[in-house]
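In: Structural data only, the sequence is not supplied:
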């Protein structure tokens, strides 16, 4: 396949205002991912956009079932099941009760 460029689980991006820290969950344009390294504003860094990630903050009041669609609520800085204007980021990996504040999500790079 001569037009294949790369897998796309990790993409190079430029750090936004304030920079990024390794492990930070971030939205850049329409992409959601996890910063693989720390970078100052304007510096290149690697953004992991696919795979299963743990310790993603979630809306505590929500009960999630395995493989529920998950979105990123940018104003709260947390994952949610509520679609509204939130960015779709993947699916829940495992069940998450209403008392849990952290989640495990399989990020889907195609969203």
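Out: Received, thanks. Being a predicted model, the structure only gives us computed values, none of them experimental.
In: now the strands: where do they sit in this protein?
Out: All strands of the chain, identified by DSSP state E, fall at 10-14, 25-28, 31-35, 44-48, 51-57, 69-73, 78-80, 87-92, 102-107.
In: now the chain, which segments are flagged as low pLDDT?
Out: 110-111 (pLDDT under 70).
In: Okay, buried residues for stretch 37-57 please.
Out: 39, 45-50, 53, 56 (16 or more other CB atoms under 10 Å). Yep, even glycine has a C-beta here, placed from its N, CA and C like the rest.
In: now swap in stretch 66-80 and tell me
Out: The neighbour-count check on stretch 66-80 (16+ other CB under 10 Å) flags 70-73, 78-80 as buried.
In: The strands of the chain: which one's closest to residue 3?
Out: Of all the strands of the chain, it is strand 10-14 that lies closest to residue 3, at 17.8 Å by CB to CB.
In: Give me the packing partners of that closest one, helices and strands only.
Out: If you count contacts as 3 or more CB pairs under 8 Å, 6 or more residues apart in numbering; DSSP states H and E, strand 10-14 packs onto strand 31-35, strand 44-48.
In: Can you check which of these gets nearest to residue 87?
Out: When the helices and strands packed on strand 10-14 are compared by CB to CB, strand 31-35 sits nearest residue 87, at 5.7 Å.
In: which residues are in contact with that closest one?
Out: Residues from elsewhere that reach strand 31-35 (CB atoms under 8 Å, 6 or more residues apart in numbering): 11, 13, 20-26, 45-49, 53, 72, 87, 89, 107, 111.
In: Give the full set of residues in contact with residue 59.
Out: 73, 76, 78-82 are the contacts of residue 59 under CB under 8 Å, 6+ apart.
In: try residue 14
Out: Residues in contact with residue 14, defined by CB under 8 Å, 6+ apart, are 42-45.
In: CSV for the residues you listed, including distance to residue 100?
Out: Shown next, in CSV, are these (distance: CB to CB, whole Å):
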residue, distance to residue 100
42, 36
43, 34
44, 34
45, 29
